[in-house]
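Asker: Kindly return the folded structure for what I paste below:
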Amino acid sequence: MGGIVGEVVHRTTKNGKPFGIINLEDLTGNLELALFGDDYLKFKPYLETGLFVFVRGLIQPRFRDSDQLEFKVQHMELLNDLRAKRLKELHCSIKLENVNSALISSLSALAKAHPETHKSAFGFLTPKLKWSCFLNRLSFR
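Answerer: Numbering: from 1, shown residues only. Below is the predicted model:
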């Protein structure tokens, strides 16, 4: 998942070990993540309000309470770095009623400015007719 780091709290346990709690936010909501021990030390550089990060992890039984589940962070990196390293293809779905000449001009300008950045496909959706169509990258001249 990816999002922006919201509130960050750095604390110390009763035993004197550091830990952190971050609030990761995106357009659909937010998620509070707690990082302890080696995970805290490993991911501490990303615990800064305002950073855009990508987080990968596992859902597993909670430590000391196996009846509940928790999200355990396995990997964290800046979202901008992720785009450069891992993005292979971009798929964009657009409602047909939102397509207009300004949108087409903007997409055309982006394609011309970044001709070989990544493969891309555009989908046009018509929810009322339950119809969709995907087009692979078009040539812009």
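Asker: Buried residues in the helix or strand where residue 102 lies, which are they?
Answerer: Using DSSP states H and E, the element containing residue 102 is helix 101-113. Neighbour counts over helix 101-113 (16 or more other C-beta atoms under 10 Å) mark residue 107 as buried. Where you see a C-beta, it was placed from the backbone N, CA and C, and this is true even at glycine.
Asker: Mind checking the pLDDT average for it?
Answerer: Helix 101-113 carries an average pLDDT of 81.
Asker: Just give the strands next to the helix or strand just after that helix in its sheet, each with its orientation.
Answerer: For helix 101-113, the succeeding helix or strand toward the C-terminus, using DSSP H and E, is strand 119-126. Here strand 119-126 is paired, per DSSP bridges, with strand 89-95 (parallel), strand 131-136 (antiparallel).
Asker: where among the ones you listed is the average confidence lowest?
Answerer: strand 131-136 (a mean of 54).
Asker: helices and strands around the biggest strand by length in the chain, which ones?
Answerer: Longest strand of the chain, by residue count under DSSP state E: strand 65-78. Packing contacts for strand 65-78, counted by 3 or more C-beta pairs under 8 Å, 6 or more residues apart in numbering; DSSP states H and E, involve strand 29-36, helix 37-43, strand 52-62.
Asker: what comes up buried for the second one?
Answerer: Burial within helix 37-43, assessed by neighbour count using 16+ other C-beta under 10 Å, is assigned to 39, 40, 43.
Asker: Out of those residues, the closest to residue 28 would be?
Answerer: Nearest to residue 28 among the buried residues of helix 37-43, counting by C-beta to C-beta, is residue 43 at 22.2 Å.
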